[in-house]
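Engineer: Structure for the following, please:
(one chain, ligands or ions: 1)
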Amino acid sequence: MAQNLQRPYGTEDVTPDRIRKWHTVEQVVSQNAEAFGFREIRIPTFENTDLFMRSVGETTDVVQKEMYTVSAKQSTFTLRPEGTAGVMRSFLQNGLLNEALPIKVYYILSCFRHERPQAGRLREFHQFGIEMAGSASPYADAEVISLAKSIIDQLGLKNIELNLNSIGCPKCRANYHLALKEYFSTRKDELCETCLTRLERNPMRLLDCKSEICSEIAKDAPLIIDYLCDECAEHFEQLKSILCAMDIDFKVNPKIVRGLDYYTRTVFEFVTTDIGAQGTICGGGRYDGLIEELGGKATPSLGFAMGLERLIMTMENQGCDFIEEKKCDLYICPMGEKAYTEAAKIAYKMRSIGHEVAFDTMNRGLKAQMKYANKIGAKYVVVLGDNEIESGFAKLKNMASGEQFDISLDLSSENGFVDSFVNIYYSEAFGSLE
Ligand code: HAM
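Structural biologist: Numbers count the residues shown, from 1 in each chain. Purely as a prediction, here's the structure:
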């Protein structure tokens with residue numbers, strides 16, 4: 001295929017042979033979210049660019065280097081690099097914050113970041129995320145963290161470490177920013193261009209610069225945890241004791257600052273070493289100032305997002321179980337014109353009661369049809385030829401056991417095809433229905 005017709009670098013197809021892995025993860029994350037009282041929300045794929053500048057932050061890598069932005073007519077839009085900003089916009093625009101708080105939502109969506117692709121890092125990737133607005137309590141932090149933990153456990157993932165930190169509030173940041181400025185100013189000559197402007201405008205962003213030299217310098221920078229105000233320190237202590245009481249293991253990692261500007265207080269990441277350098281499978285935290293920043297009333301909020309590709313990669317590498325692919329219940333092999341019409345009628349009827357049914361549509365010989373039925377894993381096969389059509393009876397074959405059953409082709413009567421098939425199917429699967 002010509003290069004210019006291929007899928008863009010850093011994007012992936014999910015072909016039908018892999019889809020059950022996605023379904024497994026999607027099922028587990030949404031069932032868990034609902035068990036914790038979160039409801040699904042869906043938002044647009046693109047938003048006004050200003051939304052991300054205001055929320056994610058103008059000096060972040062995401063906004064400065066990674067956004068896919070398009071101008072259309074007089075407006076500038078950006079493909080969402082993450083879900084939180086759009087969800088908060090939606091809360092405000094739809095008046096959802098005027099309803100009973102806390103409001104708790106979850107989403108599964110695609111995100112777009114122009115990063116250098118590598119294992120676990122794509123330009124289009126998918127996130128499962130949750131957001132909870134209205135509660136400042138550390139119990140809300142614990143609720144959100146325990147939801148992530150519950151998902152990780154139910155997917156069967158092992159060796160996942162929870163890293164926890166507090167990055168304080170604007171009050172703690174004032175002193176911390178001064179300390180950072182002082183520290184980085186001594187190595188100013190070595191910093192990258194972007195970090196030089198960050199030093200003036202938002203020194204915390206120097207801590208997650210991906211350039212080799214800046215990240216080396218950042219290793220010995222002062223830590224925010226040493227600058228927390230009393231309220232933030234107290235919040236962090238409470239959260240840690242709640243997690244201990246819940247038996248959720250964590251490690252305080254004072255180096256975690258997260259790459260998005262909206263975070264305050266609690267930040268956390270679940271990390272694995274089993275998928276290479278991009279091992280953060282989940283990241284989140286509090287963002288108590290974001291809703292106000294976007295024009296709403298001050299509303300303490302928090303959430304997290306998990307990268308679905310990274311979850312699936314980790315599950316594959318750790319040999320976790322995925323749900324089985326659904327197999328075809330009945331394959332009909334028609335031989336001759338009349339049989340094709342009969343096959344179409346039977347298939348239509350059986351599908352309407354929920355069975356997966358297929359029949360030949362390529363005019364193949366019986367041998368080729370049986371081969372295909374085997375390949376798609378059909379549980380039962382029925383051959384319809386002139387004799388069967390004439391007599392009104394056929395043989396239904398269980399492909400696994402080879403056992404054959406007489407079955408009437410009559411679709412209109414009781415004890416006809418539908419009843420007989422259902423009886424055989426369920427009594428073989430679960431024992432007799434009587
Ligand atoms: P984030 O850490 O930027 O946070 O992304 C969350 C997760 O998305 C990461 O932990 C990772 O698993 C996955 N991810 C990020 N970038 C890529 C990529 N290029 N390729 C593959 N996977 C990727 C957020 O996006 C926040 N909105 C999370 C949040 C929600 N915080 C509060 N609420």
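Engineer: From now on I want contacts and neighbour counts done on CA atoms only, so please keep to that.
Structural biologist: Fine.
Engineer: what about the helix or strand where Asn175 lies, distance to the chain center?
Structural biologist: Following DSSP states H and E, one finds Asn175 within helix 170-185. Relative to its chain's centre, helix 170-185 lies at 35 Å (Cα atoms, centre = their mean, to the nearest Å).
Engineer: Could you do stretch 283-293 as well?
Structural biologist: 21 Å.
Engineer: Now it: average pLDDT?
Structural biologist: Stretch 283-293 comes out with an average pLDDT of 98.
Engineer: how about the residues of the chain that lie near the ligand?
Structural biologist: 82-84, 113, 120-123, 125, 127, 129, 131, 280-285, 302-307, 310 (Cα under 6 Å from any ligand atom).
Engineer: quick check: domain ranges of the protein?
Structural biologist: Split into domains by automatic domain parsing, the chain comes to 19-169+229-318, 330-428.
Engineer: Quick one: closest of these to Tyr9.
Structural biologist: Smallest distance to Tyr9 across the domains of the chain (Cα to Cα): 7.6 Å, for domain 19-169+229-318.
Engineer: What is the neighbour count of Glu193?
Structural biologist: Close neighbours of Glu193, defined as other Cα atoms under 10 Å, add up to 9.
Engineer: whoops, I mixed them up, Lys375
Structural biologist: Per other Cα under 10 Å, the neighbour tally for Lys375 reads 9.
Engineer: circling back: any chance you could list what contacts the helix holding Asn175?
Structural biologist: Residues from elsewhere that reach helix 170-185 (Cα atoms under 8 Å, 6 or more residues apart in numbering): 199-200, 202-204, 217, 221-222, 224, 227-229, 264.
Engineer: Adding pLDDT and neighbour count, write those residues out as JSON lines.
Structural biologist: JSON lines is the format used below for these (pLDDT from 0 to 100; neighbours: other Cα atoms under 10 Å):
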{"residue": "Leu199", "pLDDT": "94", "neighbour count": "20"}
{"residue": "Glu200", "pLDDT": "92", "neighbour count": "11"}
{"residue": "Asn202", "pLDDT": "93", "neighbour count": "19"}
{"residue": "Pro203", "pLDDT": "94", "neighbour count": "20"}
{"residue": "Met204", "pLDDT": "94", "neighbour count": "25"}
{"residue": "Ile217", "pLDDT": "96", "neighbour count": "16"}
{"residue": "Ala221", "pLDDT": "97", "neighbour count": "18"}
{"residue": "Pro222", "pLDDT": "97", "neighbour count": "20"}
{"residue": "Ile224", "pLDDT": "95", "neighbour count": "23"}
{"residue": "Tyr227", "pLDDT": "97", "neighbour count": "20"}
{"residue": "Leu228", "pLDDT": "98", "neighbour count": "22"}
{"residue": "Cys229", "pLDDT": "97", "neighbour count": "15"}
{"residue": "Thr264", "pLDDT": "98", "neighbour count": "23"}
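Engineer: Can you name the two of these that sit furthest apart?
Structural biologist: Pairwise distances among the contacts of helix 170-185 were taken by Cα to Cα; the largest, 25.9 Å, belongs to Ile217 and Cys229.
Engineer: So which residues of the stretch 51-200 of the chain form helices?
Structural biologist: Taking DSSP state H, counting those that start in this stretch, the helices of the stretch 51-200 of the chain run over residues 61, 84-93, 138-154, 170-185, 193-201.
Engineer: Distance to Glu292 for those helices - can I get that in CSV?
Structural biologist: Shown next, in CSV, are the helices of the stretch 51-200 of the chain (distance: least, Cα to Cα, whole Å):
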stretch, distance to Glu292
helix 61, 23
helix 84-93, 10
helix 138-154, 19
helix 170-185, 13
helix 193-201, 20
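Engineer: you'd agree Thr129 is up against Gly285?
Structural biologist: Let me fix one detail, which is that residue 129 is Gly and not Thr. No - using Cα atoms under 8 Å, Gly129 is not in contact with Gly285; the gap is 11.6 Å.
Engineer: Now do the shared contacts for these two.
Structural biologist: Common neighbours of Gly129 and Gly285 (Cα under 8 Å, 6+ apart) are 303-304.
Engineer: for the domains of the chain, which one ends up most surrounded?
Structural biologist: Highest mean neighbour count of those: domain 19-169+229-318, a mean of 19 (counted as mean count of other Cα atoms under 10 Å).
Engineer: how far is that one from where the chain is centred?
Structural biologist: For domain 19-169+229-318, the separation from the chain centroid amounts to 11 Å (computed by Cα atoms, centre = their mean).
Engineer: Same check on stretch 321-332?
Structural biologist: 24 Å.
Engineer: So, low pLDDT: which residues of the stretch 251-400 of the chain?
Structural biologist: Counting by pLDDT under 70, the stretch 251-400 of the chain shows no low-confidence range.
Engineer: which residue packs closest to Ser137, ignoring adjacent ones?
Structural biologist: Take Ser137 and drop its neighbours on the chain: the residue closest to it by Cα to Cα, 6 or more residues apart in numbering is His235, 8.0 Å away.
Engineer: Taking their axis directions, the helix or strand hosting the one you found and helix 170-185 sit at what angle?
Structural biologist: In this structure, His235 sits in helix 230-245 according to DSSP H and E. Helix 230-245 and helix 170-185 meet at an angle of 100 degrees, taking axes from the mean of the first three to the mean of the last three Cα atoms, to 10 degrees as the criterion.
Engineer: Direction included, what does whatever helix or strand comes next after helix 230-245 pair against?
Structural biologist: Where DSSP H and E defines the elements, the next helix or strand beyond helix 230-245 is strand 251-252. With DSSP bridges as the test, strand 251-252 is paired with strand 161-166 (parallel).
Engineer: what residues does the partner strand touch?
Structural biologist: Strand 161-166 is contacted from outside by 224-225, 232-233, 236, 249-257, 264-272, using Cα under 8 Å, 6+ apart.
Engineer: Report the central residue of this structure.
Structural biologist: For the chain, the residue nearest the mean C-alpha position is Phe128 (3.2 Å; Cα atoms, centre = their mean).
Engineer: re earlier: I'd like to check the angle between the helix holding His235 and helix 138-154, please.
Structural biologist: For helix 230-245 against helix 138-154, the angle by the same axes, to 10 degrees is 40 degrees.
Engineer: thought Met132 was touching Tyr107?
Structural biologist: No - using Cα under 8 Å, Met132 is not in contact with Tyr107, being 11.9 Å away.
Engineer: Appreciated, that's everything.
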